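>>> how does the following fold in three dimensions:
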Amino acid sequence: MLAFTTGNPDKPAHAIPPVARVHCHMRYVPGSDVDNFPRYLREHLDAHGFEDVTMVTPDHCFTATRLDPSDPWVAWGEASIARSTGKKAAILPNFCGGLPNACFSETLGLPTLWVPHSYPACSQHAPNEHLLQSVAQEALQLMAGIGMLWDLAEQGAAVCRQREQHAATAIVA
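Have a look, this model is predicted:
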């Protein structure tokens, strides 16, 4: 849930309010039928006795995407992160549809690597969102200094060739 109200917040009463309003953010896995999600939600609510719940109008629905973990770009990104930070990267192959990544990965056919610079308690996108100086410094080191952008300039063409070979092998298999 992103935000909700129930009853009258300006004049609270000790009673179950007759009205509630909520804004939700739905995340998907690749292959989800995003276009029909509102219908599926409506059917689910009705099947469980919530016919009186009025439907949400979908807004900003993006398709979830996935980059195969065996893709050469994944190995390249993982190695670059390890070289830059001395830490092992956590690989999460699915991107949940929170941003329009499909315009790159599906429409243009480009592999995408998302490298978040955060930590669990940062309250990302919340009113009290914050970023520790150490995380910001690591992000700069990781991306620009001796990091991914430098590695991309040096190794990008070779990884593109490797990816073409990987795709050709996958088609034959």
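
>>> how far away is Ser32 from Gly147?
Separation of Ser32 from Gly147 (Cβ to Cβ, to the nearest Å): 33 Å. For every residue, glycine as well, the C-beta is placed using N, CA and C.

>>> more neighbours, these two?
Ranked by neighbour count (other Cβ atoms under 10 Å), Ser32 and Gly147 place Gly147 first, with 20 against 16.

>>> what about that one, distance to His117?
If you go by Cβ to Cβ, the gap between Gly147 and His117 works out to 11 Å.

>>> same check, this time on Glu154
22 Å.

>>> mind exporting the C-alpha coordinates of the helix or strand that Ser84 is a member of to CSV?
Per DSSP states H and E: Ser84 is located in helix 72-85. C-alpha atoms of helix 72-85 as CSV (Å, rounded to 0.1, in the frame of the first residue of the first chain):
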residue,chain,number,x,y,z
PRO,A,72,27.3,-12.9,-20.4
TRP,A,73,26.3,-9.4,-19.3
VAL,A,74,25.3,-10.8,-15.9
ALA,A,75,28.7,-12.4,-15.4
TRP,A,76,30.4,-9.2,-16.6
GLY,A,77,28.4,-7.0,-14.1
GLU,A,78,29.0,-9.4,-11.3
ALA,A,79,32.8,-9.4,-12.0
SER,A,80,32.8,-5.6,-12.3
ILE,A,81,31.0,-5.1,-9.0
ALA,A,82,33.4,-7.6,-7.3
ARG,A,83,36.5,-5.8,-8.7
SER,A,84,35.2,-2.3,-7.7
THR,A,85,33.9,-3.1,-4.2
